[in-house]
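Participant: what follows is a protein structure lacking sequence information:
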């Protein structure tokens, strides 16, 4: 069976930075691994965290047993003052209840959507500075070690609830290629507890208002209508999405 590394990053797939990171990884990971790249917008830790959770919480039926996520979105916004030696946010290693391993920069919301599913979380022995391009220069060697089952870089066990921020409420978590807006509102959330199919609601994003129809599924509205309904992400507890049937809600 193939083994898989998900590379989640805020570099565009065709960008030089992406090519350099992939090259550095290829020099380190075992030959029986292949990888897939998922890009998010620059500095977007919310989308990074959303993607990490969606890929990391997949059941074994939908992924290889040996799956590792390497997530890097490091806007260096945890401190506003000048950085010494290009130092950035810490790099952590974790294992989800699903068995998927995660190596990620703990920036913003990059780990927020899995904080309750982490059965292990560790600080890593690694230089968090020394390079503007840590995802190429500092981290791939550690990803390679983890892929080979070598964990001598673990230095301190951490409490996810203490070191990881909770996910943002009522926000746009991810925008897919169809222009669907995946929100951070999940089934069972109080914000949607009293909504019923067919009900009209007002949605506000960055001070822009739009009217939407509450629906039970993606195609329970007429062509061109904006709908608000459970989407395809979130596994056993779906995130709700804003979408336009036959169009782009993002536009």
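Facilitator: Here it is on my side, so go on. These figures come from a predicted structure and were not determined experimentally.

Participant: and residue 69, how far from residue 134?
Facilitator: The spacing between residue 69 and residue 134, counted by Cβ to Cβ, to the nearest Å, is 17 Å. Heads up, the C-betas are built off the backbone N, CA and C, glycines and all.

Participant: sorry, that was for residue 193
Facilitator: Applying Cβ to Cβ, the value for residue 193 to residue 134 is 43 Å.

Participant: same thing with residue 100?
Facilitator: Distance from residue 100 to residue 134, by Cβ to Cβ: 22 Å.

Participant: between the two, which is the more surrounded one?
Facilitator: residue 100 (25 against 22; other Cβ atoms under 10 Å).

Participant: correct me, but the more buried one touches residue 56?
Facilitator: Yes: because the distance of 4.5 Å satisfies Cβ atoms under 8 Å, residue 100 is recorded as touching residue 56.

Participant: strands of the chain, start to end?
Facilitator: 3-9, 33-39, 67-72, 91-96, 101-105, 118-124, 154-157, 172-175, 181-186, 200-205, 208-214, 226-230, 239-244 (DSSP state E).

Participant: and the first one, what does it pack onto?
Facilitator: By that I understand strand 3-9. helix 16-26, strand 33-39, helix 45-56, strand 67-72, helix 140-147 (3 or more Cβ pairs under 8 Å, 6 or more residues apart in numbering; DSSP states H and E).

Participant: what helices and strands are in contact with the fourth one?
Facilitator: Just to be clear, that refers to strand 67-72. So strand 67-72, by 3+ Cβ pairs under 8 Å, 6+ apart, packs with strand 3-9, helix 45-56, strand 101-105, helix 140-147.

Participant: out of those, the one nearest residue 34 is which?
Facilitator: Proximity to residue 34 (Cβ to Cβ) singles out strand 3-9 among the helices and strands packed on strand 67-72, at 6.3 Å.
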